[in-house]
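[1] what would the 3D arrangement of this be:
(chains A and B)
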Protein chains: 2
Amino acid sequence: MTLPTFPDSLVQRGADGRILLLVLDGVGGLPGDEQGRTELEAARTPNLDQLAAESSLGMHHPVAPGVTPGSGPGHLSLFGYDPLVHQVGRGALSALGVGFELLPGDLALRLNLATLDEEGRIVDRRAGRPSDEDALRIVRRLRDGVRLRSERTEFFLLPEKEHRVVLIFRGGRLGEKLRETDPQEVGVPPRTPKAFRPDPDPASETTVRVLRDFLEQAREILKEEPVMNGLLARGYARYEGFPSFEDRFGLRGAVHARYPMYRGVARLVGMEVTGAPSTDEEAVGLVERHFGEYDFHFLHYKAPDARGEDGDFEGKVKALEAADAWIPRLRALEPDVIVVTGDHSTPATMKIHSWHAVPLLIHSRWARPTAGAFGEGTCRGGDLGTIEGRHIMSLALAHAGRLRKFGA
Amino acid sequence: MTLPTFPDSLVQRGADGRILLLVLDGVGGLPGDEQGRTELEAARTPNLDQLAAESSLGMHHPVAPGVTPGSGPGHLSLFGYDPLVHQVGRGALSALGVGFELLPGDLALRLNLATLDEEGRIVDRRAGRPSDEDALRIVRRLRDGVRLRSERTEFFLLPEKEHRVVLIFRGGRLGEKLRETDPQEVGVPPRTPKAFRPDPDPASETTVRVLRDFLEQAREILKEEPVMNGLLARGYARYEGFPSFEDRFGLRGAVHARYPMYRGVARLVGMEVTGAPSTDEEAVGLVERHFGEYDFHFLHYKAPDARGEDGDFEGKVKALEAADAWIPRLRALEPDVIVVTGDHSTPATMKIHSWHAVPLLIHSRWARPTAGAFGEGTCRGGDLGTIEGRHIMSLALAHAGRLRKFGA
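    Alright, predicted model coming up:
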């Protein structure tokens, strides 16, 4: 017997404990300085250390031991959604990230604006990274010019950032099992959409027909463009809809995030977007401004992951130190529970997301403190042990007084 | 949706990281010397300790907390096969161990050569532990003499070691739900094969008929034998076939093991057998000789379990010290990942397999070291936490650069 929605059945509706989740994206690391410390251990974080001294500490595997999570599954796990059950593709995350209201059944995908030569071969997979304004001009030309032959299906086209565009098809049964047209290399033409063999499913064959129609018309419309004259399709994702955060946990949730994708994954579970801050400082300000309006606040901080992917150990250390400075402001709001963790590790020595367990801190008046520092070393010796990421939400709810006893 | 074969879908085909798995059978122990140390803690293992200083440490439950694994499930778990999903009986392990090519649908079982008195009561359940040559003589008499009445079913009979013989039935639908004829005591006659009540399944009734037929004819053939005049049947196992190690993980695997059963469990998942070494030294030599030919090497070392079952604390300590001496040779091969662990614990104080968590070491350039010694104490404080055994393979694959990121 599986209980996929556990601990939903234990949720105490009408409780009022407030939860703040601070995600330090990619916080986990590997030894990288002369003393063999990780980025988090090397960072001077007096406020996080003080918070740790009053918190239960632990480590978590966002998906499972050995599995390196993408940002989508990593965050879904933190939100209490088993990422093996609730899967979502890149296209859907992008669509949600730019604020598009996806409906169940929609098929979303990512398009790259690309440059093709006269023989139709790819010269630049990102069309020289156009400005957002230039990309928007192309998006408008396509919106105005393309008329799908299928009357059952309509399309929506939205710019994401630079060369990145999101395409959504709506109407008809649309599958996602078709190959990407982006060959991931230059000097060859884009691939033609084709359903996966063997056993292509009829819904995906429908998507193939609609997408081919779209791409052929687009090719014609863009053929005189000097740079942005090609499109590469990837990240097909049929959106199935998610049980909402509020329905499951009785929490009105808000996301405060600088980057669209993280707003997207939070909207996927029904959190509200408080704004599109252009700095991290502004994102923290949004938490302060809206604190009383929501039960659950998700504050996303991208820099540790970005510096980790750059292979910049010292830069990641500094990024974590910058976050430390916000802790007093966040504590001043007096959340009943503060969770600080990451959606995965991004060791600067690896320059990429990794599978390594992620430090976890849960602060509440019911904590079992074990150490006065926030780092891999203290967390692995903490009271929570090493858990699966999807259990963090249960712990946060429990610490907030929002879970009833299980059984008589 | 369940993904019983996760992380298979993430496997990066064509990657080239090499993995070495050293199984110290029964390595986990309990405090047994005056200082309260376990066997592994008491052993002088400078090479393992140095390896640990460069490794991620942890503990694992091969099946689940509180569950004492047999050798089959213990190893399947280490190979990344959930032992609750992939079950295999003793008979099938024995058949594979002696090199028999089992086919799906085969029904394998273990026979003991036994001694019966004139009234047919068991005098010795192991017929005085005959030599392999003596046992082979009996096996040949039975092969020549028995003619099954059912034309749909044929049988194969192979000596395993001493009094142990393997019998395989092939053809027809053969079930495994029947009682063992070995009463596990002397002074009583062997039991008659019977399908389990209530609700015997027709396939197992078929096995009952075929086995009775076989045993009756055998009794007649052996009745003049002075010592090996009886047979006791146990360990019925219908072989269903396993998804192969190579298909699942993209790994060409090899087993280097002195004892047939461990070659058997490795063959079950499609590993190749490099030989039948008669010493542990020879087994290590096989790893060296064949290192370049395989992606995954499984080196099995039986002695710690055997000494543990003897209740010989000091002998188990010495057995572990002997393994320590091989570590420099194995490291010289430069595997990308070295995993050292056991398939279960066998505390000398208990003289039997136990359910206690098993020390685990994973060495790679991406490790998070925490301690300079390999023992229960250091492992339980290690970075991996306490995990289920079936996740070890995911970690080994990740450390070898053989798993893609999960999700966007």
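[2] can you tell me the SS state at the closest residue in space to residue A:336 that isn't next to it in sequence?
    Computed as C-beta to C-beta, 6 or more residues apart in numbering or on different chains, the closest residue to residue A:336 that is not its neighbour in sequence is residue A:17, at 3.9 Å. For the C-beta atoms, the positions are set from N, CA and C on the backbone; glycine is no exception. Classification of residue A:17 by DSSP: H, G, I helix; E, B strand; the rest coil places it in coil.
[3] one more: the one 4 residues further on?
    Three-state secondary structure (criterion: three-state DSSP) places residue A:21 in strand.
[4] hang on, the residue nearest to residue A:336 packs against residue A:338?
    No: the pair residue A:17 / residue A:338 is not scored as a contact, 11.5 Å apart, by C-beta atoms under 8 Å.
[5] which one's more surrounded, the two?
    Per other C-beta atoms under 10 Å in any protein chain shown, whichever of residue A:17 and residue A:338 has more neighbours is residue A:338, with 26 against 19.
[6] which residues sit in contact with the residue nearest to the more buried one when sequence neighbours are not counted?
    Once flanking residues are discounted, residue A:338 sits nearest to residue A:363: 4.2 Å by C-beta to C-beta, 6+ apart. Residue A:363 sits next to A:51, A:54, A:55, A:56, A:337, A:338, A:339, A:340 when contact means C-beta atoms under 8 Å, 6 or more residues apart in numbering or on different chains.
[7] may I have the beta-bridge partners of the fourth one?
    Beta-bridge partners of residue A:56, counted by DSSP bridges, are residue A:362.
[8] follow-up on the earlier one: and the contacts of residue A:363, which is closest to chain B?
    Nearest to chain B out of the contacts of residue A:363 is residue A:56 (C-beta to the nearest C-beta; 15.0 Å).
[9] could you report the neighbour count for the closest one?
    21.
[10] next one: residue A:337
    Residue A:337 has 25 neighbours, counted by other C-beta under 10 Å.
[11] doesn't residue A:15 make contact with it?
    No: between residue A:337 and residue A:15 there is no contact under C-beta under 8 Å: 11.6 Å.
[12] can you give me the strands in the stretch 201-350 of chain A?
    Counting by DSSP state E, counting those that start in this stretch, the stretch 201-350 of chain A has strands at residues A:230-238, A:253-256, A:272-273, A:296-301, A:337-341.
[13] how far does the shortest one sit from its chain's centre?
    Meaning strand A:272-273. From the chain centre to the centre of strand A:272-273 is a distance of 14 Å (C-alpha atoms, centre = their mean, to the nearest Å).
[14] buried sites along stretch A:31-45?
    Under the neighbour-count criterion of 16 or more other C-beta atoms under 10 Å in any protein chain shown, stretch A:31-45 has A:31, A:32, A:37, A:38, A:39, A:40, A:41, A:42, A:43, A:45 buried.
[15] next, format those residues as JSON lines and append secondary structure, pLDDT and distance to chain B.
    Shown next, in JSON lines, are these (DSSP: H, G, I helix; E, B strand; the rest coil; pLDDT from 0 to 100; distance: C-beta to the nearest C-beta, whole Å):
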{"residue": "A:31", "secondary structure": "coil", "pLDDT": "97", "distance to chain B": "7"}
{"residue": "A:32", "secondary structure": "coil", "pLDDT": "96", "distance to chain B": "11"}
{"residue": "A:37", "secondary structure": "coil", "pLDDT": "97", "distance to chain B": "11"}
{"residue": "A:38", "secondary structure": "coil", "pLDDT": "98", "distance to chain B": "8"}
{"residue": "A:39", "secondary structure": "helix", "pLDDT": "98", "distance to chain B": "12"}
{"residue": "A:40", "secondary structure": "helix", "pLDDT": "98", "distance to chain B": "12"}
{"residue": "A:41", "secondary structure": "helix", "pLDDT": "98", "distance to chain B": "11"}
{"residue": "A:42", "secondary structure": "helix", "pLDDT": "98", "distance to chain B": "14"}
{"residue": "A:43", "secondary structure": "coil", "pLDDT": "98", "distance to chain B": "17"}
{"residue": "A:45", "secondary structure": "coil", "pLDDT": "98", "distance to chain B": "19"}
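[16] the contacts of residue A:363: which two are farthest apart?
    A:54 and A:339 (13.4 Å; C-beta to C-beta).
[17] find residues that contact each of residue A:337 and residue A:15.
    residue A:400.
[18] please name the nearest non-neighbouring residue to residue A:7.
    Per C-beta to C-beta, 6+ apart, closest to residue A:7 is residue A:394, 4.8 Å.
[19] what's the distance between the one you found and residue A:70?
    Distance of residue A:394 to residue A:70, computed by C-beta to C-beta, to the nearest Å: 23 Å.
[20] neighbour count: those two, which is higher?
    Neighbours were counted for residue A:394 and for residue A:70 using other C-beta under 10 Å; residue A:70 has more, 23 against 18.
[21] could I get the pLDDT score of the more buried one?
    On pLDDT, residue A:70 comes in at 91.
[22] check contacts around it.
    A:353, B:405, B:406, B:407, B:408.
[23] got it, and residue A:369?
    Residue A:369 touches A:52, A:53, A:54, A:55, A:56, A:57, A:383, counting by C-beta under 8 Å, 6+ apart.
[24] that one: helix or strand, and which one exactly?
    Using DSSP states H and E, residue A:369 sits within no helix or strand.
[25] what's it sitting at in phi/psi?
    Backbone torsions of residue A:369, given as degrees, to the nearest 10, read phi -70, psi 150.
[26] next one: it relative to residue A:164, how far apart?
    For residue A:369, the distance to residue A:164 - C-beta to C-beta - is 44 Å.
[27] same question for residue A:224.
    According to C-beta to C-beta, residue A:224 and residue A:164 sit 23 Å apart.
[28] same check on residue A:351?
    In terms of C-beta to C-beta, residue A:351 sits 22 Å off from residue A:164.
[29] what about these two, which has more around it?
    Applying other C-beta under 10 Å to residue A:351 and residue A:164 shows that residue A:164 carries more neighbours, namely 20 against 13.
[30] residue contacts, the residue of the stretch 251-400 of chain A found nearest chain B?
    With C-beta to the nearest C-beta, the shortest gap between the stretch 251-400 of chain A and chain B falls at residue A:386, namely 2.6 Å. Contacts for residue A:386 (C-beta under 8 Å, 6+ apart) come out as A:58, A:59, A:60, A:61, A:357, A:380, B:384, B:385, B:386, B:387.
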